[in-house]
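**Q** coordinates for the following, if possible.
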Amino acid sequence: MYYIILSFILLVKMKILVSLLQKLKFLTKIDNKII
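**A** Numbers count the residues shown, from 1 in each chain. Reported below is the predicted structural model:
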């Protein structure tokens with residue numbers, strides 16, 4: 001059971017990290033357009 005829970009938490013963390021990275025890329029694109 002613990003392994004399943006741990007892997008699930010890891011997956012969620014990875015998804016959050018990816019979404020954060022995508023937001024950062026989007027923000028940098030906007031900054032480039034403004035500049």
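
**Q** so where do the helices sit in this structure?
**A** Assigned by DSSP state H, the helices in the chain fall at 2-34.

**Q** how about low-confidence regions in it?
**A** 34-35 (pLDDT under 70).

**Q** one more pass at 80, please.
**A** Counting by pLDDT under 80, the chain shows low-confidence ranges at 1, 30-35.

**Q** tally of neighbours for Met14?
**A** 10 (other C-beta atoms under 10 Å). For glycine as for every other residue, the C-beta is placed from the backbone atoms N, C-alpha and C.

**Q** roughly how far apart are it and Lys33?
**A** Distance check for Met14 against Lys33: by C-beta to C-beta, to the nearest Å, it reads 29 Å.

**Q** and for Met1?
**A** Met1 is 49 Å from Lys33, by C-beta to C-beta.

**Q** just Lys15 next, same as before
**A** Taken as C-beta to C-beta, the span from Lys15 to Lys33 is 27 Å.

**Q** between these two, tell me which one has more neighbours.
**A** Lys15 (10 against 7).

**Q** list the contacts of that one.
**A** Contacts for Lys15 were tallied using C-beta atoms under 8 Å, 6 or more residues apart in numbering; there are none.

**Q** what sits against Tyr2?
**A** If a contact means C-beta under 8 Å, 6+ apart, then Tyr2 has no contacts.
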